[in-house]
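**Student:** the following comprises the amino acid sequence and a computationally predicted model.
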Amino acid sequence: MEAILKRRSIRQFTNQPIAQDDLNTLLRAAMMAPTARNCQEWEFVVVRNKETFKKMMHVHPYAKMLEQADCAIIVCGNTQREHAPGYWMADCGAATQNILLAATSLGIGSVWLGVYPNEERMKGLSQLLGLPDYVKPLNIIALGYPAEKKEEVDRFDPAKIHTEKW
C-alpha cells in the first residue's frame, strides 16, 4: 500500500542517472502484470538518447518533462499476441501501473504520458521508434529522480462504490 499511496506524477527530475539494475527491476515488475489468457503482449522500448527525447517532444505535446528525464519506457502492445482485439490496452495498462509503483518504491519519479488512442501520436511515435505495424504504443513513461515533492492524496470516495447493483 505504501507505493500505491505515495505514487504521484513527477514532471521535474534531477540529473542523477538511473542504474541499469533499477531499470531492469522496473521492466521485471512490468512483466509480472496479469494479462488476458497470459498472452503477455507487451513490448518495451527503453530510450535514453536526448536527441530522441527532443523528437518525442515534437510528437507528444505534453512530454516536455523529457528534457529533464534520465530515461523513458515506451509501453507497447503486440497485437499479434493478443487473444482477442483490444485486450492489449488493458494488459499493457497493468504493466504500466507496475512500472509506476515499482519506480515509486525505488525512489524514482515517473509520469504516464498517454499516446493511445491519439492516432497522430501513435503514428509519430511508431515512425520515430521503428515499430512494426502490429506493435502499438500505449504510452511513454518518463523516469528520473524527483526534483519535486508532492504530498500524498487520498482519492478514496465511498460514493463511487456500488454494492450488488447500481
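**Tutor:** That came through fine.
**Student:** partner strands of the helix or strand V75 falls within, with direction?
**Tutor:** Element membership for V75, per DSSP states H and E: strand 71-78. Sheet neighbours of strand 71-78, with direction, are listed as strand 42-47 (antiparallel), strand 135-144 (antiparallel) (DSSP bridges).
**Student:** the last one: how far from the chain's middle?
**Tutor:** So that's strand 135-144. Taking CA atoms, centre = their mean, to the nearest Å, the mean C-alpha location of strand 135-144 is offset from the chain mean by 5 Å.
**Student:** swap in stretch 114-126?
**Tutor:** Relative to its chain's centre, stretch 114-126 lies at 14 Å (CA atoms, centre = their mean).
**Student:** need the pLDDT of the closest residue to M57 other than its chain neighbours.
**Tutor:** For M57, the nearest residue in space outside its immediate sequence neighbours is A63; the separation is 4.9 Å by CB to CB, 6 or more residues apart in numbering. Backbone N, C-alpha and C define where each C-beta goes, glycine included. Turning to A63, the model gives it a pLDDT of 98.
**Student:** repeat that for H83.
**Tutor:** Predicted confidence (pLDDT) for H83: 87.
**Student:** tell me the secondary structure at it.
**Tutor:** In three-state terms, and counting by DSSP: H, G, I helix; E, B strand; the rest coil, H83 is coil.
**Student:** coming back round to it: and the residue nearest to M57, how far from L128?
**Tutor:** Look at A63 and L128: by CB to CB, to the nearest Å, they are 12 Å apart.
**Student:** need the contact partners of the strand holding V75.
**Tutor:** Contacts made with strand 71-78 from outside it, assessed by CB atoms under 8 Å, 6 or more residues apart in numbering, are listed as 18, 23, 26-27, 30, 41-48, 53, 56, 66, 88-89, 91-92, 95-96, 99, 115, 125, 129, 131, 134-144.
**Student:** picking up where we left off before, most tightly packed of the strands paired with strand 71-78?
**Tutor:** The highest mean neighbour count among the strands paired with strand 71-78 belongs to strand 135-144 (a mean of 25), with neighbours defined as mean count of other CB atoms under 10 Å.
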